[in-house]
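Q: My questions concern the predicted model and sequence given below.
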Amino acid sequence: MIEIKNLNKTYKRDGKIALKNIELEIKEGEFTALLGQNGAGKTTLINILSGNVKKTSGKVFIGGFDLDTNELDTKKIIGIVPQEAGFDTFFPLYEVLKKQSGYFGIKDNEEHIDYLLDTLSLTEKKNSMLRELSGGMKRRVLIAKALVHKPKILILDEPTAGVDIEMRHSIYDFLNELHDSGMTIILTTHYIEEAERLCDRILVINKGEIIADEPKEQLMEKFSKELQVTIYFEKEIKLEDCSFLMDYRPEVHHKNELHLTIKKDEINTAIQMIAQKNMHFADITIEREKLEDIYLSLISNR
Amino acid sequence: MNIFYNRIGFFTLFFREIHRFTKVSVQTVLAPLISNLLYLGIFAGILSTRSAGIDGINYLQFLVPGLATMGALMAAFQNPSSSIIQQKFMNTLQDLNSYPISDAEKTSAFILGGTVRGILIGTLTYLATIPFVHTGIQSPVFFFVSLGITSFIFSSIGFISGLALEGFEQMNFIFALIITPLTYLGGVFFEASKLSGILGMVRFINPIYPLVNLTRYAYLGVYEENIVVHGILAGVFVIVTFGIALYAFKKGIGIKIN
Ligand SMILES: Nc1ncnc2c1ncn2[C@@H]1O[C@H](COP(=O)(O)OP(=O)(O)O)[C@@H](O)[C@H]1O
Ligand SMILES: [Mg+2]
């Protein structure tokens, strides 16, 4: 759906290099998270796709159309929820969405607009001026605007920044629904646990370069070589009693919790060792590393 | 790249430009109309009996096409320039980048929107003067065409200004320092050819001068200087201003980041 070859961006204003040799291919139906610190280049990349920023060099294809020669054709394929968007203060919401349909060459779009208003819980506000809407509602208006022309690709640049948890979840449920219906989605977000939950591919961009690009499971697998094991004992335990587990960096918390860090392939051995010592435990939890930790270690290694 | 790519998109944009000024028609239509009538009233009081220097034409008859042209060009300039600057403030201007509408369609939607407003103000100015100045138009079609050409040119200039300027202060500056003086020196209120020295010479580089003359010719059937030359000049201005507008838009001035 999207193919990017050797893309570079240097801002003319201050000579800032924002993107370096980006190579990327996004397949139909993928739900990709684009992660990176502030200033990493995420918005620049998205703005190049939307036509707001001119690229310095490289090739971009959207839905098979070359951005250099068929820019207008690419616009019908993507819907973009921009990070910093303004609001038309002249027309009420319904009018804004009707005009938006018109800009995309669609004449009678009432049914689809009603559907979007309904699923995004905006129906009540359809005659309100945009300036009267709350921050969370404005975010949803942006999503509705990006979807009026039924794009094949939806790109969201921090759509949940400043949106409360409940609203965030309803936005994510909606994105899941769109993904299930086959839409290709790219999401940048600061809430990494949500990228972990939603996306099936993780892209990490750092100082204008892609430093990780893998299916989520593979990335987690690769980086989560160690498991966090917590064993809950019925009785109080002492660290001295656990000296035989020294290799697994034991720590005692709350008197009866034993925390161990165990390599994946040693987990059986470790548990057998505990059982042999006749230490009775009530419960055990095994957690792999979180995407957030992997992400942090990825960018701090740079 | 296709020139005609998205007809519905073009019309949506065009009607938005019209819808925008009709929503605030007290400021955009009524105000200039009243101001033009005030001019007429003031000059009627002072100068009505004076001849305009052209045989058989009194001053008010001379003034009406001047006011119509002035009203048209100012309204035409304001429509796209204020629309674009407003959108810069609302941070919605870059939305244009994501629409599948060709650059030529986007540019002409803005410029034709302003042209409609210019023609409307010009025509209403004329209609409003009918009770006071009992003169019929010599050639209504030509009058209309002349207002259209005038509006198109100044709408193009307004479009370019909107893209290039940062805010309303800069726009008012352009207006006060360039458009208004050129209007006065362009023969709206008096014959520009009667001005002596530098001020008189300005008319040769003043795009307003031939436009006022063309409209006046359509209205009165008399003209100050060579009407054919002025017709050709007007045509050249149409092509040049629209050309620059399209070029500036294609370059992404004020709308795309380099
Ligand atoms: N319009 C601009 N002019 C100059 N530099 C810019 C502009 N926009 C962004 N940058 C710079 O480019 C880099 C990438 O920014 P951006 O793409 O906004 O990052 P992100 O969205 O990942 O936070 C930053 O260093 C930023 O300062
Ligand atoms: Mg950003």
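A: That came in fine, so what should we check first? Ligands and ions are numbered 1, 2, ... in the order given.
Q: ok, which residues in chain B are in contact with ligand 1?
A: Neighbours of ligand 1 within chain B, by Cβ under 6 Å from any ligand atom: residue B:257. Heads up, the C-betas are built off the backbone N, CA and C, glycines and all.
Q: burial measure for residue A:44, as a count.
A: By other Cβ atoms under 10 Å in any protein chain shown, 22 other residues sit near residue A:44.
Q: Next, residue A:58: secondary structure please.
A: Here residue A:58 is strand, with the state taken from DSSP: H, G, I helix; E, B strand; the rest coil.
Q: so what's it up against?
A: Counting by Cβ atoms under 8 Å, 6 or more residues apart in numbering or on different chains, residue A:58 makes contact with A:4-8, A:21-22.
Q: From these, list just the buried residues.
A: A:4, A:7, A:22 (16 or more other Cβ atoms under 10 Å in any protein chain shown).
Q: just checking, the last one touches residue A:210?
A: To tie it back to what came earlier, the one meant is residue A:22. Yes - here residue A:22 reaches residue A:210: they are 6.1 Å apart, a contact under Cβ atoms under 8 Å.
Q: and residue B:173, how many residues sit next to it?
A: Neighbours around residue B:173, by other Cβ under 10 Å: 12.
Q: what comes up buried for the strand or helix carrying it?
A: Assigned by DSSP states H and E, residue B:173 belongs to helix B:168-174. Within helix B:168-174, the residues that qualify as buried are B:171, B:174, counting by 16+ other Cβ under 10 Å.
Q: Please export the C-alpha coordinates of it as PDB.
A: What follows is helix B:168-174, C-alpha atoms only, in PDB (Å, rounded to 0.1, in the frame of the first residue of the first chain):
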ATOM      1  CA  PHE B 168      -4.100  41.000   8.400                       C
ATOM      2  CA  GLU B 169      -1.700  43.800   9.400                       C
ATOM      3  CA  GLN B 170       0.400  43.100   6.300                       C
ATOM      4  CA  MET B 171      -2.700  42.900   4.200                       C
ATOM      5  CA  ASN B 172      -4.000  46.200   5.400                       C
ATOM      6  CA  PHE B 173      -0.600  47.700   4.800                       C
ATOM      7  CA  ILE B 174      -0.700  46.500   1.100                       C
END
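Q: I'd like the next helix or strand past it.
A: Counting by DSSP H and E, the next helix or strand C-terminal to helix B:168-174 is helix B:180-185.
Q: roughly how far is that following helix from the heart of the chain?
A: 13 Å (Cα atoms, centre = their mean, to the nearest Å).
Q: and the next helix or strand after it, how far out from the chain's middle?
A: Toward the C-terminus, helix B:180-185 is succeeded by helix B:197-201 as the next helix or strand (DSSP H and E). Its chain's C-alpha centre and that of helix B:197-201 lie 23 Å apart, by Cα atoms, centre = their mean.
Q: State the next helix or strand along the chain beyond helix B:197-201.
A: Past helix B:197-201, the next helix or strand by DSSP H and E is helix B:208-220.
Q: helices or strands up against that next one?
A: With contacts taken as 3 or more Cβ pairs under 8 Å, 6 or more residues apart in numbering or on different chains; DSSP states H and E, helix B:208-220 sits against helix B:59-90, helix B:140-164, helix B:180-185, helix B:227-251.
Q: on contacts alone, who are the packing partners of the helix holding residue B:173?
A: Helix B:168-174 packs on helix B:59-90, helix B:140-164, going by 3+ Cβ pairs under 8 Å, 6+ apart.
Q: Any idea which of these gets closest to chain A?
A: Minimum separation from chain A across the helices and strands packed on helix B:168-174 (Cβ to the nearest Cβ) falls at helix B:59-90, 4.3 Å.
Q: and the closest one, does that touch chain A?
A: Yes - using Cβ under 8 Å from any Cβ of the partner chain, helix B:59-90 reaches chain A at B:87, B:90.
Q: Mean neighbour count for the helices and strands packed on helix B:168-174 - can I get that in CSV?
A: Formatted as CSV, the helices and strands packed on helix B:168-174 follow (neighbours: other Cβ atoms under 10 Å in any protein chain shown):
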stretch, mean neighbour count
helix B:59-90, 25
helix B:140-164, 24
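Q: Relative to residue B:107, which of those is closest?
A: helix B:140-164 (6.8 Å; Cβ to Cβ).
Q: With respect to residue B:176, which of the buried ones among the contacts of residue A:58 is nearest?
A: When the buried ones among the contacts of residue A:58 are compared for distance to residue B:176 (Cβ to Cβ), residue A:7 wins out at 45.3 Å.
Q: In chain B, where is pLDDT below threshold?
A: For chain B, the stretches with pLDDT under 70 are B:1, B:47-56, B:223-224.
Q: Any residues of it in contact with chain A? List them.
A: Checking chain B against chain A by Cβ under 8 Å from any Cβ, the hits are B:1-2, B:5-9, B:11-13, B:16, B:19-20, B:23, B:87, B:90-92, B:94-95, B:97-102, B:252, B:256-258.
Q: Nothing else from me, thank you.
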